[in-house]
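**Q** my questions are about this predicted structure, shown below with the sequence.
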Amino acid sequence: MKRIALFALAALVSAAVAVPVASASHTSHASAGAGSNIVGVASGDPQFSTLVSLIKKAGLVNALSGTSKLTVFAPTNAAFAKLSKSTLQKVGSDKKLLTSILTYHVVKGAVPASKVVALDGKSVKTLNGKSIKIRVSAGKVYVNEAQVTKTDVKASNNVIHVIDRVLIP
């Protein structure tokens, strides 16, 4: 049932449009509110409903809602829809694996788009202990193989960068 709901949500949300670095949007969603933390901002945007439900399932709401400065590379519903059914089933039934995947999308500290671009060719350690590689190519930013489609969505405990794929450690 949850898998069907996941795919239904993904079908309702169109894929994010690729945005070149030079013209990437740097505004937060109006529904988020100035004082919203990362989870609050994501909850206020329908394209992150799958991510938010998985954050809740993994028990990471408090970790991502605190005052610690964090940067999240947030996959959209369309990004989750790109995963195979078997991967979705495995992740959905294994809380430890789910937590590992979700924390692989989070970097400690403030890493706005200007700093992400400066990390071209470098690896950055994530909260799960493994590193992601940042790459800039043809004016677009990639985290591993995921393309950053929107940058600097502001939250009270820092920033979200939207990506078009789920990062798998």
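**A** Right, received. Where do you want to start?
**Q** avg pLDDT for stretch 49-56?
**A** Throughout stretch 49-56, pLDDT has a mean value of 95.
**Q** oh, I was asking about stretch 157-166
**A** 97.
**Q** and the closest residue to residue 130 other than its chain neighbours, how many residues sit next to it?
**A** Counting by C-beta to C-beta, 6 or more residues apart in numbering, residue 169 is the residue found nearest to residue 130 once chain neighbours are left out, at 4.7 Å. In this view, the C-beta of every residue, glycine as well, is placed from N, C-alpha and C. Residue 169 has 15 neighbouring residues, counting by other C-beta atoms under 10 Å.
**Q** before we move on, what about residue 88?
**A** 18.
**Q** show me the shaky parts of the chain.
**A** Residues of the chain meeting the criterion pLDDT under 70: 1-35.
**Q** for it, which segments count as helices?
**A** 2-12, 38-43, 49-58, 61-65, 77-81, 85-93, 95-103, 113-118 (DSSP state H).
**Q** in a markdown table, list the ones you listed along with distance to residue 150.
**A** Below are the helices of the chain laid out as a markdown table (distance: least, C-beta to C-beta, whole Å):
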| stretch | distance to residue 150 |
| --- | --- |
| helix 2-12 | 18 |
| helix 38-43 | 12 |
| helix 49-58 | 14 |
| helix 61-65 | 18 |
| helix 77-81 | 12 |
| helix 85-93 | 24 |
| helix 95-103 | 19 |
| helix 113-118 | 9 |
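**Q** wait, isn't the residue nearest to residue 130 in contact with residue 127?
**A** No - Residue 169 lies out of contact with residue 127 (C-beta atoms under 8 Å); the separation is 10.9 Å.
**Q** who are the packing partners of the strand of greatest length in the chain?
**A** The strand that spans the most residues within the chain, counting by DSSP state E, is strand 146-155. Strand 146-155 sits against helix 38-43, strand 70-75, helix 113-118, strand 140-143, strand 158-163, with contacts defined as 3 or more C-beta pairs under 8 Å, 6 or more residues apart in numbering; DSSP states H and E.
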